[in-house]
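Chemist: Coordinates for the following, if possible.
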Amino acid sequence: MRALQPEIDLKDDIVNRPKHYTTTKFEVIEVLEEFFPDDPLLWQCGKYLLRCKHKGNQAEDLKKMVWYANRQIKKLEKGNK
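Modeler: A predicted model of the protein is given here:
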């Protein structure tokens, strides 16, 4: 006998399609893949910026974005010396 799989309402699926990433016509993951395919620090900056008005704590997400941006800046400056 097969175990029954619960039906998932994709509109409210907090694992696969969380609302704070799907509130606009562009899904955040698609934007990040397009703009930052090989740069994890900029990916994080984009993630926190794009979701900051939709997740609940805008200041916290912006602080996280700045943290990743500062890390990227240090990496770039270190590489230019």
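
Chemist: residue ranges of the helices in the protein, please?
Modeler: 28-35, 40-55, 58-79 (DSSP state H).

Chemist: Please convert those helices to CSV, extending it with mean pLDDT.
Modeler: Shown next, in CSV, are the helices of the chain (pLDDT from 0 to 100):
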stretch, mean pLDDT
helix 28-35, 90
helix 40-55, 93
helix 58-79, 96
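
Chemist: Tell me which of those sits nearest to Asn16.
Modeler: helix 28-35 (10.1 Å; Cβ to Cβ). From N, CA and C alone the C-beta is placed, and that goes for glycine too.

Chemist: Would you tell me which of the helices of the chain gets closest to Ile14?
Modeler: Here helix 40-55 is closest among the helices of the chain (Cβ to Cβ), at 11.7 Å.

Chemist: quick one: the closest one to helix 28-35, angle?
Modeler: 150 degrees (axes from the mean of the first three to the mean of the last three Cα atoms, to 10 degrees).
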